[in-house]
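**Student:** no sequence on hand, only this structure:
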(Lines give C-alpha, C1' and ligand atoms only; values in the text may rest on other atoms or scores of the structure.)
Protein backbone atom coordinates (compact mmCIF):
# COMPACT_ATOMS: atom_id res chain seq x y z
CA UNK A 1 0.00 0.00 0.00
CA UNK A 2 1.44 3.38 -1.01
CA UNK A 3 0.77 6.61 0.82
CA UNK A 4 3.33 8.56 -1.13
CA UNK A 5 1.18 11.34 -2.54
CA UNK A 6 -2.31 11.13 -1.08
CA UNK A 7 -3.49 14.38 0.49
CA UNK A 8 -6.55 14.36 2.73
CA UNK A 9 -8.36 17.62 3.49
CA UNK A 10 -10.81 17.81 6.37
CA UNK A 11 -13.57 20.39 6.64
CA UNK A 12 -15.71 20.14 9.76
CA UNK A 13 -18.61 21.48 11.76
CA UNK A 14 -17.56 22.89 15.12
CA UNK A 15 -17.53 20.21 17.84
CA UNK A 16 -17.83 17.31 15.39
CA UNK A 17 -14.31 16.08 16.19
CA UNK A 18 -13.01 16.70 12.66
CA UNK A 19 -9.63 17.84 13.96
CA UNK A 20 -9.00 14.82 16.21
CA UNK A 21 -10.35 12.49 13.49
CA UNK A 22 -7.82 13.99 11.06
CA UNK A 23 -5.02 13.67 13.62
CA UNK A 24 -5.79 10.02 14.39
CA UNK A 25 -6.14 9.21 10.68
CA UNK A 26 -2.73 10.77 9.98
CA UNK A 27 -1.22 8.73 12.84
CA UNK A 28 -2.75 5.49 11.52
CA UNK A 29 -1.47 6.22 8.01
CA UNK A 30 1.89 7.44 9.29
CA UNK A 31 1.65 10.74 7.42
CA UNK A 32 1.97 14.42 8.40
CA UNK A 33 -0.87 16.38 10.00
CA UNK A 34 -1.36 20.13 9.65
CA UNK A 35 -3.79 22.29 11.59
CA UNK A 36 -2.37 24.95 13.95
CA UNK A 37 1.03 24.35 12.34
CA UNK A 38 -0.31 26.28 9.33
CA UNK A 39 -0.66 29.39 11.50
CA UNK A 40 3.00 29.28 12.52
CA UNK A 41 4.03 28.83 8.89
CA UNK A 42 1.77 31.68 7.73
CA UNK A 43 3.18 33.91 10.49
CA UNK A 44 6.69 33.26 9.24
CA UNK A 45 5.68 33.94 5.64
CA UNK A 46 3.65 37.14 6.20
CA UNK A 47 5.41 38.64 9.20
CA UNK A 48 2.07 38.87 11.02
CA UNK A 49 1.80 37.64 14.60
CA UNK A 50 0.43 34.16 15.33
CA UNK A 51 -2.09 35.74 17.72
CA UNK A 52 -3.42 38.00 14.97
CA UNK A 53 -3.60 35.13 12.46
CA UNK A 54 -5.45 32.95 14.98
CA UNK A 55 -8.07 35.66 15.40
CA UNK A 56 -8.57 36.37 11.72
CA UNK A 57 -8.33 32.95 10.08
CA UNK A 58 -11.49 31.25 8.86
CA UNK A 59 -13.35 34.55 9.24
CA UNK A 60 -14.31 36.83 6.41
CA UNK A 61 -16.21 39.55 8.18
CA UNK A 62 -16.41 43.08 6.87
CA UNK A 63 -14.64 44.78 9.74
CA UNK A 64 -11.48 42.86 8.95
CA UNK A 65 -11.92 42.58 5.19
CA UNK A 66 -12.11 46.32 4.72
CA UNK A 67 -9.51 47.39 7.25
CA UNK A 68 -6.36 48.93 5.83
CA UNK A 69 -3.50 46.49 5.50
CA UNK A 70 -0.27 47.62 7.00
CA UNK A 71 1.84 44.54 7.64
CA UNK A 72 4.02 42.17 5.67
CA UNK A 73 5.59 42.44 2.28
CA UNK A 74 2.41 42.18 0.20
CA UNK A 75 0.55 45.07 -1.45
CA UNK A 76 -0.83 47.84 0.76
CA UNK A 77 -4.19 47.70 -1.01
CA UNK A 78 -5.04 44.11 -0.17
CA UNK A 79 -7.32 43.41 2.83
CA UNK A 80 -5.57 41.53 5.64
CA UNK A 81 -7.82 38.47 5.48
CA UNK A 82 -7.06 38.06 1.79
CA UNK A 83 -3.33 38.23 2.54
CA UNK A 84 -3.73 35.52 5.16
CA UNK A 85 -5.79 33.38 2.77
CA UNK A 86 -3.24 33.72 -0.04
CA UNK A 87 -0.30 32.96 2.26
CA UNK A 88 -2.03 29.87 3.67
CA UNK A 89 -3.02 28.73 0.16
CA UNK A 90 0.62 28.90 -0.96
CA UNK A 91 1.71 26.95 2.13
CA UNK A 92 -0.99 24.27 1.66
CA UNK A 93 -0.09 23.79 -2.03
CA UNK A 94 3.57 23.52 -1.17
CA UNK A 95 2.92 20.95 1.61
CA UNK A 96 0.70 18.90 -0.73
CA UNK A 97 3.50 18.86 -3.32
CA UNK A 98 5.99 17.70 -0.68
CA UNK A 99 4.21 14.48 0.32
CA UNK A 100 1.17 12.77 1.81
CA UNK A 101 -0.57 14.63 4.61
CA UNK A 102 -3.83 15.55 6.33
CA UNK A 103 -4.79 19.25 6.29
CA UNK A 104 -7.61 20.61 8.47
CA UNK A 105 -9.84 23.54 7.46
CA UNK A 106 -8.82 26.67 5.54
CA UNK A 107 -10.70 25.72 2.30
CA UNK A 108 -7.93 23.20 1.57
CA UNK A 109 -10.36 21.12 -0.50
CA UNK A 110 -10.89 24.09 -2.81
CA UNK A 111 -7.24 25.20 -2.81
CA UNK A 112 -6.17 21.69 -3.86
CA UNK A 113 -8.91 21.23 -6.46
CA UNK A 114 -6.37 20.45 -9.19
CA UNK A 115 -4.36 18.02 -7.03
CA UNK A 116 -4.80 14.57 -8.56
CA UNK A 117 -4.53 12.51 -5.40
CA UNK A 118 -6.67 14.47 -3.01
CA UNK A 119 -9.50 13.12 -0.85
CA UNK A 120 -11.82 15.82 0.46
CA UNK A 121 -13.62 14.97 3.70
CA UNK A 122 -16.41 16.77 5.57
CA UNK A 123 -17.18 15.83 9.18
CA UNK A 124 -20.46 16.89 10.77
CA UNK A 125 -22.53 15.67 13.72
CA UNK A 126 -25.87 16.21 15.39
CA UNK A 127 -26.04 19.14 17.79
CA UNK A 128 -26.32 17.05 20.98
CA UNK A 129 -23.08 15.22 20.21
CA UNK A 130 -21.33 18.49 19.40
CA UNK A 131 -22.66 20.07 22.57
CA UNK A 132 -21.39 17.12 24.61
CA UNK A 133 -17.95 17.34 22.98
CA UNK A 134 -17.78 21.13 23.25
CA UNK A 135 -18.41 21.01 27.00
CA UNK A 136 -16.16 17.98 27.61
CA UNK A 137 -13.19 18.84 25.42
CA UNK A 138 -13.15 22.56 24.68
CA UNK A 139 -13.28 23.97 28.22
CA UNK A 140 -16.43 26.00 27.69
CA UNK A 141 -17.03 28.35 30.66
CA UNK A 142 -19.09 26.50 33.25
CA UNK A 143 -21.54 29.33 33.66
CA UNK A 144 -22.65 29.05 30.05
CA UNK A 145 -26.06 27.48 29.67
CA UNK A 146 -26.78 24.76 27.14
CA UNK A 147 -28.62 27.25 24.95
CA UNK A 148 -25.71 29.72 25.07
CA UNK A 149 -23.26 26.96 24.14
CA UNK A 150 -25.47 25.86 21.22
CA UNK A 151 -25.63 29.49 20.05
CA UNK A 152 -21.83 29.67 20.14
CA UNK A 153 -21.49 26.41 18.17
CA UNK A 154 -23.85 27.69 15.47
CA UNK A 155 -22.03 31.04 15.42
CA UNK A 156 -18.66 29.37 14.77
CA UNK A 157 -20.25 27.22 12.05
CA UNK A 158 -21.67 30.36 10.48
CA UNK A 159 -18.19 31.97 10.49
CA UNK A 160 -16.70 28.91 8.80
CA UNK A 161 -19.52 28.85 6.26
CA UNK A 162 -19.12 32.57 5.46
CA UNK A 163 -15.35 32.18 5.11
CA UNK A 164 -15.68 29.11 2.85
CA UNK A 165 -18.42 30.56 0.65
CA UNK A 166 -16.51 33.85 0.35
CA UNK A 167 -13.23 32.31 -0.80
CA UNK A 168 -14.68 29.52 -2.98
CA UNK A 169 -17.56 29.38 -5.46
CA UNK A 170 -19.05 26.52 -3.46
CA UNK A 171 -21.47 26.10 -0.60
CA UNK A 172 -20.05 24.84 2.72
CA UNK A 173 -21.58 21.56 3.88
CA UNK A 174 -23.06 20.52 0.53
CA UNK A 175 -22.20 16.86 -0.08
CA UNK A 176 -21.03 17.36 -3.65
CA UNK A 177 -18.04 19.50 -2.58
CA UNK A 178 -16.46 16.50 -0.88
CA UNK A 179 -15.54 12.90 -1.71
CA UNK A 180 -16.78 11.60 1.63
CA UNK A 181 -18.91 13.20 4.35
CA UNK A 182 -19.44 11.51 7.70
CA UNK A 183 -21.72 12.11 10.67
CA UNK A 184 -19.34 11.48 13.58
CA UNK A 185 -22.22 11.19 16.06
CA UNK A 186 -23.13 7.80 14.62
CA UNK A 187 -19.75 5.96 14.74
CA UNK A 188 -17.99 8.44 17.07
CA UNK A 189 -14.31 9.28 16.66
CA UNK A 190 -12.59 5.90 16.30
CA UNK A 191 -15.29 4.34 14.11
CA UNK A 192 -15.20 7.36 11.82
CA UNK A 193 -11.39 7.15 11.60
CA UNK A 194 -11.62 3.46 10.64
CA UNK A 195 -14.11 4.16 7.83
CA UNK A 196 -11.87 6.96 6.53
CA UNK A 197 -8.85 4.66 6.65
CA UNK A 198 -10.79 2.11 4.59
CA UNK A 199 -11.65 4.89 2.12
CA UNK A 200 -7.98 5.86 1.78
CA UNK A 201 -7.01 2.20 1.27
CA UNK A 202 -9.61 1.79 -1.49
CA UNK A 203 -8.38 5.04 -3.05
CA UNK A 204 -4.76 3.89 -2.99
CA UNK A 205 -5.74 0.53 -4.44
CA UNK A 206 -7.49 2.28 -7.30
CA UNK A 207 -4.40 4.42 -7.98
CA UNK A 208 -2.26 1.30 -8.01
CA UNK A 209 -4.57 -0.42 -10.52
CA UNK A 210 -4.61 2.67 -12.72
CA UNK A 211 -0.81 2.68 -12.76
CA UNK A 212 -0.48 -0.99 -13.68
CA UNK B 1 -21.76 -9.66 13.13
CA UNK B 2 -25.54 -9.02 13.31
CA UNK B 3 -27.56 -7.55 10.48
CA UNK B 4 -30.89 -8.21 12.16
CA UNK B 5 -32.33 -4.72 12.21
CA UNK B 6 -30.08 -2.34 10.28
CA UNK B 7 -31.88 -0.36 7.60
CA UNK B 8 -29.87 1.49 4.96
CA UNK B 9 -31.50 4.25 2.94
CA UNK B 10 -29.88 5.48 -0.26
CA UNK B 11 -30.54 8.88 -1.81
CA UNK B 12 -28.66 9.59 -5.02
CA UNK B 13 -27.90 11.98 -7.82
CA UNK B 14 -29.03 10.71 -11.21
CA UNK B 15 -26.33 8.62 -12.92
CA UNK B 16 -24.18 8.31 -9.78
CA UNK B 17 -24.85 4.56 -9.51
CA UNK B 18 -26.68 4.85 -6.18
CA UNK B 19 -29.18 2.14 -7.14
CA UNK B 20 -26.58 -0.44 -8.20
CA UNK B 21 -24.41 0.45 -5.18
CA UNK B 22 -27.41 -0.21 -2.92
CA UNK B 23 -28.17 -3.48 -4.70
CA UNK B 24 -24.58 -4.74 -4.44
CA UNK B 25 -24.38 -3.68 -0.79
CA UNK B 26 -27.59 -5.58 -0.01
CA UNK B 27 -26.18 -8.67 -1.77
CA UNK B 28 -22.91 -8.46 0.19
CA UNK B 29 -24.80 -8.12 3.46
CA UNK B 30 -27.36 -10.76 2.50
CA UNK B 31 -30.32 -8.46 3.17
CA UNK B 32 -33.36 -7.34 1.16
CA UNK B 33 -33.24 -4.58 -1.43
CA UNK B 34 -36.16 -2.34 -2.37
CA UNK B 35 -36.35 0.05 -5.27
CA UNK B 36 -38.87 -0.63 -8.06
CA UNK B 37 -40.44 -3.25 -5.79
CA UNK B 38 -41.89 -0.33 -3.80
CA UNK B 39 -43.92 0.71 -6.85
CA UNK B 40 -45.55 -2.71 -7.13
CA UNK B 41 -46.38 -2.64 -3.41
CA UNK B 42 -47.76 0.91 -3.62
CA UNK B 43 -49.86 -0.10 -6.65
CA UNK B 44 -51.38 -2.94 -4.65
CA UNK B 45 -52.05 -0.66 -1.67
CA UNK B 46 -53.57 2.30 -3.56
CA UNK B 47 -55.22 0.58 -6.49
CA UNK B 48 -53.34 2.93 -8.86
CA UNK B 49 -51.53 1.48 -11.87
CA UNK B 50 -47.77 0.79 -11.72
CA UNK B 51 -47.37 2.85 -14.89
CA UNK B 52 -49.04 5.86 -13.26
CA UNK B 53 -47.01 5.49 -10.07
CA UNK B 54 -43.78 5.26 -12.05
CA UNK B 55 -44.58 8.54 -13.77
CA UNK B 56 -45.58 10.43 -10.63
CA UNK B 57 -43.14 9.19 -7.99
CA UNK B 58 -40.29 11.42 -6.89
CA UNK B 59 -42.01 14.35 -8.60
CA UNK B 60 -43.91 17.07 -6.85
CA UNK B 61 -44.91 19.33 -9.70
CA UNK B 62 -48.01 21.48 -9.58
CA UNK B 63 -49.87 19.91 -12.48
CA UNK B 64 -50.01 16.63 -10.60
CA UNK B 65 -50.25 18.00 -7.09
CA UNK B 66 -53.38 20.00 -7.85
CA UNK B 67 -55.15 17.51 -10.08
CA UNK B 68 -58.33 16.02 -8.66
CA UNK B 69 -57.82 12.66 -7.06
CA UNK B 70 -60.22 10.00 -8.19
CA UNK B 71 -58.62 6.67 -7.40
CA UNK B 72 -58.09 4.43 -4.42
CA UNK B 73 -59.74 4.35 -1.02
CA UNK B 74 -58.24 7.57 0.37
CA UNK B 75 -60.00 10.95 0.64
CA UNK B 76 -61.17 12.62 -2.55
CA UNK B 77 -59.62 15.92 -1.48
CA UNK B 78 -55.99 14.70 -1.31
CA UNK B 79 -53.70 15.35 -4.30
CA UNK B 80 -52.56 12.18 -6.02
CA UNK B 81 -48.85 12.69 -5.32
CA UNK B 82 -49.55 13.01 -1.62
CA UNK B 83 -51.51 9.74 -1.69
CA UNK B 84 -48.56 8.03 -3.37
CA UNK B 85 -46.13 9.52 -0.84
CA UNK B 86 -48.24 8.42 2.12
CA UNK B 87 -48.75 4.92 0.74
CA UNK B 88 -45.02 4.51 0.07
CA UNK B 89 -44.15 5.89 3.53
CA UNK B 90 -46.39 3.27 5.17
CA UNK B 91 -44.78 0.52 3.08
CA UNK B 92 -41.23 1.71 3.88
CA UNK B 93 -41.95 1.86 7.64
CA UNK B 94 -43.49 -1.57 7.56
CA UNK B 95 -40.50 -3.05 5.66
CA UNK B 96 -38.06 -1.41 8.09
CA UNK B 97 -39.94 -2.98 11.00
CA UNK B 98 -39.82 -6.41 9.36
CA UNK B 99 -36.03 -6.69 9.10
CA UNK B 100 -32.75 -5.39 7.70
CA UNK B 101 -32.89 -3.95 4.19
CA UNK B 102 -31.64 -1.35 1.72
CA UNK B 103 -34.23 1.16 0.44
CA UNK B 104 -33.50 3.44 -2.51
CA UNK B 105 -34.96 6.95 -2.87
CA UNK B 106 -38.45 8.13 -1.89
CA UNK B 107 -37.26 10.26 1.09
CA UNK B 108 -36.73 7.03 3.06
CA UNK B 109 -34.08 8.76 5.21
CA UNK B 110 -36.71 11.26 6.36
CA UNK B 111 -39.54 8.72 6.65
CA UNK B 112 -37.37 6.54 8.93
CA UNK B 113 -36.01 9.44 11.01
CA UNK B 114 -37.16 7.82 14.24
CA UNK B 115 -35.79 4.36 13.34
CA UNK B 116 -32.96 3.62 15.75
CA UNK B 117 -30.82 1.48 13.48
CA UNK B 118 -30.91 3.43 10.28
CA UNK B 119 -27.94 4.50 8.17
CA UNK B 120 -28.74 7.26 5.69
CA UNK B 121 -26.51 7.36 2.61
CA UNK B 122 -26.22 9.93 -0.18
CA UNK B 123 -24.40 9.02 -3.40
CA UNK B 124 -23.29 11.73 -5.79
CA UNK B 125 -20.67 12.01 -8.54
CA UNK B 126 -19.08 14.52 -10.86
CA UNK B 127 -21.00 15.26 -14.04
CA UNK B 128 -18.54 13.54 -16.41
CA UNK B 129 -18.85 10.24 -14.55
CA UNK B 130 -22.63 10.54 -14.49
CA UNK B 131 -22.68 11.38 -18.19
CA UNK B 132 -20.52 8.33 -18.95
CA UNK B 133 -22.79 6.08 -16.88
CA UNK B 134 -26.00 7.56 -18.28
CA UNK B 135 -24.89 6.90 -21.86
CA UNK B 136 -23.44 3.45 -21.10
CA UNK B 137 -26.11 2.03 -18.79
CA UNK B 138 -29.36 3.93 -19.25
CA UNK B 139 -29.80 3.59 -23.02
CA UNK B 140 -29.93 7.29 -23.73
CA UNK B 141 -31.03 7.96 -27.34
CA UNK B 142 -27.94 8.04 -29.53
CA UNK B 143 -28.95 11.24 -31.26
CA UNK B 144 -28.80 13.16 -27.98
CA UNK B 145 -25.79 15.41 -27.71
CA UNK B 146 -23.60 15.54 -24.63
CA UNK B 147 -25.12 18.89 -23.68
CA UNK B 148 -28.67 17.56 -24.06
CA UNK B 149 -27.83 14.54 -21.90
CA UNK B 150 -26.29 16.78 -19.23
CA UNK B 151 -29.43 18.92 -19.27
CA UNK B 152 -31.56 15.81 -18.75
CA UNK B 153 -29.36 14.66 -15.83
CA UNK B 154 -29.68 18.04 -14.14
CA UNK B 155 -33.44 18.07 -14.81
CA UNK B 156 -33.93 14.70 -13.09
CA UNK B 157 -31.77 15.88 -10.16
CA UNK B 158 -33.96 18.98 -9.93
CA UNK B 159 -37.11 16.81 -9.82
CA UNK B 160 -35.62 14.71 -7.02
CA UNK B 161 -34.56 17.83 -5.14
CA UNK B 162 -38.00 19.43 -5.47
CA UNK B 163 -39.72 16.22 -4.35
CA UNK B 164 -37.38 15.80 -1.35
CA UNK B 165 -37.55 19.42 -0.23
CA UNK B 166 -41.34 19.43 -0.63
CA UNK B 167 -41.98 16.34 1.52
CA UNK B 168 -39.28 16.95 4.13
CA UNK B 169 -38.11 20.05 5.99
CA UNK B 170 -34.59 19.38 4.75
CA UNK B 171 -32.46 20.33 1.79
CA UNK B 172 -31.57 17.53 -0.67
CA UNK B 173 -27.83 16.95 -1.01
CA UNK B 174 -26.78 18.74 2.17
CA UNK B 175 -24.28 16.54 4.04
CA UNK B 176 -25.95 16.90 7.42
CA UNK B 177 -29.11 15.05 6.30
CA UNK B 178 -27.12 11.84 5.92
CA UNK B 179 -24.75 9.68 7.97
CA UNK B 180 -22.42 9.09 5.03
CA UNK B 181 -22.16 10.76 1.62
CA UNK B 182 -19.88 9.39 -1.07
CA UNK B 183 -18.65 10.63 -4.44
CA UNK B 184 -18.86 7.47 -6.54
CA UNK B 185 -16.68 8.97 -9.28
CA UNK B 186 -13.63 8.63 -7.03
CA UNK B 187 -13.83 4.94 -5.97
CA UNK B 188 -16.40 3.88 -8.61
CA UNK B 189 -19.11 1.32 -7.85
CA UNK B 190 -17.26 -1.55 -6.16
CA UNK B 191 -14.92 0.65 -4.08
CA UNK B 192 -17.90 2.69 -2.89
CA UNK B 193 -19.76 -0.51 -1.94
CA UNK B 194 -16.74 -1.73 0.06
CA UNK B 195 -16.52 1.54 2.03
CA UNK B 196 -20.24 1.37 2.77
CA UNK B 197 -19.89 -2.25 3.91
CA UNK B 198 -17.12 -1.15 6.28
CA UNK B 199 -19.42 1.60 7.59
CA UNK B 200 -22.22 -0.91 8.24
CA UNK B 201 -19.77 -3.24 10.03
CA UNK B 202 -18.56 -0.40 12.28
CA UNK B 203 -22.18 0.55 12.94
CA UNK B 204 -23.12 -3.01 13.88
CA UNK B 205 -20.04 -3.29 16.11
CA UNK B 206 -21.10 -0.12 17.91
CA UNK B 207 -24.61 -1.50 18.44
CA UNK B 208 -23.14 -4.73 19.82
CA UNK B 209 -20.93 -2.78 22.28
CA UNK B 210 -23.88 -0.64 23.36
CA UNK B 211 -25.91 -3.80 24.08
CA UNK B 212 -23.18 -5.48 26.14
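**Tutor:** Looks like it arrived, so ask away. These numbers were taken from a predicted model, which means no experiment stands behind them. Numbers count the residues shown, from 1 in each chain, chains lettered A, B, ... in the order given.

**Student:** the lengthiest helix in chain A: which residues count as buried?
**Tutor:** Determined from DSSP state H, the single longest helix within chain A is helix A:184-211. The neighbour-count check on helix A:184-211 (16 or more other CB atoms under 10 Å in any protein chain shown) flags A:184-189, A:191-196, A:198-204, A:207 as buried. In this view, the C-beta of every residue, glycine as well, is placed from N, C-alpha and C.

**Student:** what of stretch A:165-184?
**Tutor:** Buried-residue list, stretch A:165-184, by 16+ other CB under 10 Å: A:166-167, A:170, A:172-184.

**Student:** residue A:135: which of the residues you listed is nearest?
**Tutor:** residue A:184 (16.0 Å; CB to CB).

**Student:** of the buried residues of helix A:184-211, list those near chain B.
**Tutor:** Among the buried residues of helix A:184-211, the ones lying near chain B by CB under 8 Å from any CB of the partner chain are A:186-188, A:191, A:194-195, A:198-199, A:202-203.

**Student:** turn these into CSV, columns for pLDDT.
**Tutor:** Converted to CSV, these look like this (pLDDT from 0 to 100):
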residue, pLDDT
A:186, 96
A:187, 96
A:188, 96
A:191, 97
A:194, 98
A:195, 98
A:198, 98
A:199, 98
A:202, 96
A:203, 95
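
**Student:** restricted to strands, list the buried residues of stretch A:165-184.
**Tutor:** A:180-183 (DSSP state E).

**Student:** could you dump those into JSON lines with distance to residue B:15 and pLDDT added?
**Tutor:** Converted to JSON lines, these look like this (distance: CB to CB, whole Å; pLDDT from 0 to 100):
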{"residue": "A:180", "distance to residue B:15": "19", "pLDDT": "98"}
{"residue": "A:181", "distance to residue B:15": "19", "pLDDT": "98"}
{"residue": "A:182", "distance to residue B:15": "23", "pLDDT": "98"}
{"residue": "A:183", "distance to residue B:15": "25", "pLDDT": "98"}
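
**Student:** near chain B, which of those residues show up?
**Tutor:** A:180-183.

**Student:** need the max-distance pair from the ones next to chain B among the buried residues of helix A:184-211.
**Tutor:** The widest separation within those (CB to CB) is 22.9 Å, between A:188 and A:203.

**Student:** how about stretch A:158-169 and chain B, any contact?
**Tutor:** No: against chain B, stretch A:158-169 shows no contacts by CB under 8 Å from any CB, the least distance being 11.6 Å.

**Student:** what about that stretch, average pLDDT?
**Tutor:** The average pLDDT within stretch A:158-169 is 90.

**Student:** and chain A, which residues reach chain B?
**Tutor:** A:13, A:119, A:122, A:124, A:173-176, A:178-183, A:186-188, A:191, A:194-195, A:198-199, A:202-203, A:205-206.

**Student:** what about residue A:93, neighbour count?
**Tutor:** When neighbours are defined as other CB atoms under 10 Å in any protein chain shown, residue A:93 has 16 of them.

**Student:** hang on, it packs against residue A:112?
**Tutor:** Yes: Residue A:93 is in contact with residue A:112 according to CB atoms under 8 Å; the separation is 7.0 Å.

**Student:** that older thread, how about the ones next to chain B among the buried residues of helix A:184-211 in CSV, adding distance to residue A:138?
**Tutor:** Putting these into CSV (distance: CB to CB, whole Å) gives the following:
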residue, distance to residue A:138
A:186, 21
A:187, 21
A:188, 17
A:191, 21
A:194, 24
A:195, 24
A:198, 29
A:199, 27
A:202, 33
A:203, 31
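
**Student:** so which helix or strand of chain A has the lowest pLDDT on average?
**Tutor:** Ranked by mean pLDDT, DSSP states H and E, the helix or strand of chain A with the weakest confidence is helix A:62-65, at a mean of 41.

**Student:** what comes up buried for the helix or strand that that one is followed by?
**Tutor:** Using DSSP states H and E, the helix or strand that follows helix A:62-65 in sequence is helix A:80-98. Buried residues in helix A:80-98, counted by 16+ other CB under 10 Å: A:80-89, A:91-93, A:95-96.

**Student:** now the two most distant members of these.
**Tutor:** Of all the pairs that those form, the one spanning the most space (CB to CB) is A:80 and A:96, at 24.6 Å.

**Student:** center of chain A, which residue is that?
**Tutor:** residue A:105 (1.2 Å; CA atoms, centre = their mean).

**Student:** would you check that that one makes contact with residue A:12?
**Tutor:** Yes: counting by CB under 8 Å, residue A:105 does reach residue A:12; the two are 7.2 Å apart.

**Student:** on that earlier part again, now the longest helix of chain A and helix B:184-211, what's the angle there?
**Tutor:** 140 degrees (axes from the mean of the first three to the mean of the last three CA atoms, to 10 degrees).

**Student:** helices or strands next to helix A:184-211 in the packing?
**Tutor:** helix A:18-29, strand A:118-124, helix A:127-137, strand A:180-183, helix B:184-211 (3 or more CB pairs under 8 Å, 6 or more residues apart in numbering or on different chains; DSSP states H and E).

**Student:** so which of the ones you listed comes closest to residue B:42?
**Tutor:** helix B:184-211 (26.2 Å).

**Student:** and that closest one, how far out from the chain's middle?
**Tutor:** 18 Å (CA atoms, centre = their mean, to the nearest Å).

**Student:** same question, stretch A:110-122
**Tutor:** Relative to its chain's centre, stretch A:110-122 lies at 12 Å (CA atoms, centre = their mean).

**Student:** and residue A:34, its phi and psi?
**Tutor:** phi -130, psi 120 (degrees, to the nearest 10).

**Student:** can you report how many residues lie near it?
**Tutor:** Counted with other CB under 10 Å, residue A:34 comes out at 22.

**Student:** what of residue A:155?
**Tutor:** 11.

**Student:** ok, it to residue B:175 distance?
**Tutor:** 20 Å (CB to CB, to the nearest Å).

**Student:** of the buried residues of helix A:80-98, which is the nearest to chain B?
**Tutor:** residue A:96 (16.8 Å; CB to the nearest CB).

**Student:** low-confidence ranges in chain A?
**Tutor:** A:1-3, A:57-78, A:141-144, A:211-212 (pLDDT under 70).

**Student:** give the contact list for residue A:146.
**Tutor:** With contact set as CB atoms under 8 Å, 6 or more residues apart in numbering or on different chains, residue A:146 has these partners: residue A:131.

**Student:** switch to 10 Å and redo it
**Tutor:** The contact partners of residue A:146, by CB atoms under 10 Å, 6 or more residues apart in numbering or on different chains, come to A:128, A:131, A:135.
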